[in-house]
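Peer 1: coords below, sequence missing:
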């Protein structure tokens, strides 16, 4: 008979939400449920800051489900555990074979125990001592290391069952996506903006993306690269609506009519103006960018101030204080780095000035921008927007 298993999704920050805790829990369960549709049928229960996710039949892909749950914001840790009777002899009898895969290749271990059911005859230290002795008998190649063990075996005695596991995965933490509204991300195709999306989704914001395309100066492969990034963000951010703005005519008009040294900052202002319109039409509450202070000429304090003057919504810049190394570390962790470094240029590199103004004055920028009426081209670009949806459970990449 196959041993019953359960996925235990434990959350941290949600437990501190007081009277709003149930609202966050409900949303987290909905988000997990949607993610697991492609993994089979599961039953969900909640107790003691833990969501118990039980497979309904043998067809469920538990391994895949654990991976999806670990990438769900709001989950601090994930454990795949055996469901056992609350009888210590049975815990040992059934549990030792279950732990074999985790312990066979290890050299050291320790046992942690939690006893929320105070009627259980063994106290927590006794469970740890007796279970540790049983593991040493079953796996004599192991030694105990309570400080830095290769494997930590956790035995939890809860209201209805005992749960035994040695596979604890650290989750992404944060709060459930959708609990803080929605925002529109300027997704360039570089390293920074996907990381910005990840970090704002971690704070509960639903993220959609807008990309500015300038053919023939940017290639179709460059667009495909950004679409790949959307697909790679879906496991963390959930469904993403992707807007592609035809930007060529605007950039050509900018090149032909405005001073070269202001090209980049005016271009960013025009992007924000278009993004304002999309936010208004689709009820986004904020704009997200991957800008980091001082990283490039358009990201000095003065240049960012010139950009913000046209923003009609809050502009969130979650990587603003990070250096490139920190941003790269996160991009590697979430799996977007290799795609981001593909050598396909985006529109931000088109017509790059040789000597951009790094300390622009807003009055000078507005004067330079006023040399040409961009409004008709903005309207035309908005009408030419194409939309693609990237959804959980779909083959997006």
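Peer 2: Nice, thanks for sending it over. All figures in this text were calculated on a predicted structure; none of them were measured in a lab. Residues are numbered from 1 along each chain as shown.

Peer 1: which strand or helix spans the residue nearest the centre of the chain?
Peer 2: When CA atoms, centre = their mean is applied to the chain, the residue found nearest the centroid is residue 236 (3.3 Å). Per DSSP states H and E, residue 236 falls inside helix 220-237.

Peer 1: what residues sit buried inside that helix?
Peer 2: 222-223, 225-237 (16 or more other CB atoms under 10 Å). Every residue, glycine included, has its C-beta placed from N, CA and C.

Peer 1: could you list every helix and strand in contact with that helix?
Peer 2: helix 192-202, strand 206-213, strand 240-246, helix 324-334, helix 337-340, strand 386-390 (3 or more CB pairs under 8 Å, 6 or more residues apart in numbering; DSSP states H and E).

Peer 1: in contact with the residue nearest to residue 354 when sequence neighbours are not counted: list those residues for me.
Peer 2: Of all residues not flanking residue 354 in the chain, residue 260 sits nearest, at 7.4 Å (CB to CB, 6 or more residues apart in numbering). Residue 260 sits next to 353, 354, 355 when contact means CB atoms under 8 Å, 6 or more residues apart in numbering.

Peer 1: do the same with residue 352
Peer 2: Residues in contact with residue 352 (CB under 8 Å, 6+ apart) are 263, 264.

Peer 1: look up the closest residue to residue 294, ignoring the ones flanking it.
Peer 2: Closest residue to residue 294 apart from its sequence neighbours, by CB to CB, 6+ apart: residue 300 at 6.4 Å.

Peer 1: distance of the one you found relative to residue 192?
Peer 2: Distance, residue 300 to residue 192, by CB to CB, to the nearest Å: 16 Å.

Peer 1: for those two, indicate the residue with more neighbours.
Peer 2: The neighbour comparison of residue 300 against residue 192 (other CB atoms under 10 Å) goes to residue 192, with 24 against 19.

Peer 1: the residue nearest to residue 61 when sequence neighbours are not counted: neighbouring residues, count only.
Peer 2: With sequence-adjacent residues excluded and distances taken as CB to CB, 6+ apart, residue 61 is closest to residue 39, at 4.6 Å. Counted with other CB under 10 Å, residues neighbouring residue 39 total 22.

Peer 1: could you pull up the residues touching residue 39?
Peer 2: Per CB under 8 Å, 6+ apart, neighbours of residue 39: 60, 61, 62, 64, 65, 68.

Peer 1: next, give me the two most distant ones among the residues you listed.
Peer 2: By the measure CB to CB, 60 and 68 form the most distant pair in the contacts of residue 39, at 11.9 Å.

Peer 1: those two: which has the busier surroundings?
Peer 2: Between residue 60 and residue 68, residue 68 has the larger neighbour count (other CB under 10 Å), namely 22 against 19.

Peer 1: show me what counts as buried in the host helix or strand of that one.
Peer 2: Element membership for residue 68 (DSSP H and E) is helix 62-70. The neighbour-count check on helix 62-70 (16+ other CB under 10 Å) flags 62, 65, 66, 68, 69, 70 as buried.

Peer 1: what's the closest of these to residue 79?
Peer 2: Closest approach between the buried residues of helix 62-70 and residue 79, by CB to CB: residue 66, at 8.7 Å.

Peer 1: so which elements touch the helix or strand harbouring residue 254?
Peer 2: Take DSSP H and E as the rule and residue 254 turns out to sit in helix 248-257. Helices and strands touching helix 248-257, as assessed by 3+ CB pairs under 8 Å, 6+ apart, comprise helix 263-282, helix 375-383.

Peer 1: go through the ones you listed and pick out the most buried.
Peer 2: Comparing the helices and strands packed on helix 248-257 by mean neighbour count (mean count of other CB atoms under 10 Å), helix 263-282 ranks first with a mean of 20.

Peer 1: so that helix versus helix 248-257, what angle?
Peer 2: Relative orientation of helix 263-282 versus helix 248-257 (axes from the mean of the first three to the mean of the last three CA atoms, to 10 degrees): 150 degrees.

Peer 1: ok and helix 263-282 relative to strand 206-213, angle-wise?
Peer 2: Using the same axes, to 10 degrees: helix 263-282 against strand 206-213 is 130 degrees.

Peer 1: helices and strands around helix 263-282, which ones?
Peer 2: Packed against helix 263-282, as judged by 3+ CB pairs under 8 Å, 6+ apart, are the following elements: strand 182-186, strand 206-213, helix 248-257, strand 287-288, helix 301-308, helix 362-369, helix 375-383.
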